[in-house]
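Peer 1: Got a predicted structure plus its sequence, pasted below:
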Amino acid sequence: MTYGAETWTLTKKVVYRLKVAQRAMERAMLGLSLLDRIPNVEIRNRTGITDIVQISAALNWNWAGHICQREDGRWRRVILDWQPRTGHGSIGRPPARWRDDIVKAVVKNWMQLTSNRPRWRAI
């Protein structure tokens, strides 16, 4: 379920869909249906599975550290430094980017923080 989760942007819609899918899978594992009316907390206690949103956020974090430590000029690092052309964009808020999740969690200079690996993992 987390295939490629390192590059996902965790918007509210994506988080909601992940949680719904995980709850459905947990109910299927226990052989329950929605008609049984068992609370999600009870189902989570029975299965003991970690929340998928927490796992995908941790994968994002690890991937960000991995990318920023690369200095060989690969396209992954180049894309992070790339700035779109200036001009008129569409009306409204720009779409959320993968990088925006990291900036929200830490600070704008997060790429410099990744050079100190133990500190990055502690954050």
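Peer 2: Structure received.

Peer 1: neighbours around residue 70, how many?
Peer 2: Residue 70 has 10 neighbours, counted by other Cβ atoms under 10 Å. For glycine as for every other residue, the C-beta is placed from the backbone atoms N, C-alpha and C.

Peer 1: Give the helix, strand or coil label for it.
Peer 2: Look at residue 70: counting by DSSP: H, G, I helix; E, B strand; the rest coil, its state is coil.

Peer 1: which other residues reach stretch 94-105?
Peer 2: Stretch 94-105 has contacts (Cβ atoms under 8 Å, 6 or more residues apart in numbering) with 7-11, 57, 60-61, 64, 80, 110, 123.

Peer 1: Flag every buried residue along that stretch.
Peer 2: 98, 101-102 (16 or more other Cβ atoms under 10 Å).

Peer 1: what's the closest of those to residue 53?
Peer 2: Distance to residue 53, by Cβ to Cβ, is smallest for residue 101 among the buried residues of stretch 94-105, at 11.5 Å.

Peer 1: C-terminal to the host helix or strand of the closest one, what's the next element?
Peer 2: Element membership of residue 101 [criterion: DSSP states H and E] is helix 98-105. Note on helix 98-105: by DSSP H and E, the next helix or strand toward the C-terminus is helix 110-113.

Peer 1: So which bits of that following helix are buried?
Peer 2: 110-111, 113.

Peer 1: Tabulate these (TSV), appending pLDDT and distance to residue 44.
Peer 2: Output for the buried residues of helix 110-113, formatted as TSV (pLDDT from 0 to 100; distance: Cβ to Cβ, whole Å):
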residue	pLDDT	distance to residue 44
110	77	31
111	74	35
113	77	33
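
Peer 1: elements contacting the top helix by length along the chain?
Peer 2: Longest helix in the chain, counting residues (DSSP state H): helix 12-30. If you count contacts as 3 or more Cβ pairs under 8 Å, 6 or more residues apart in numbering; DSSP states H and E, helix 12-30 packs onto helix 40-47, helix 52-68.
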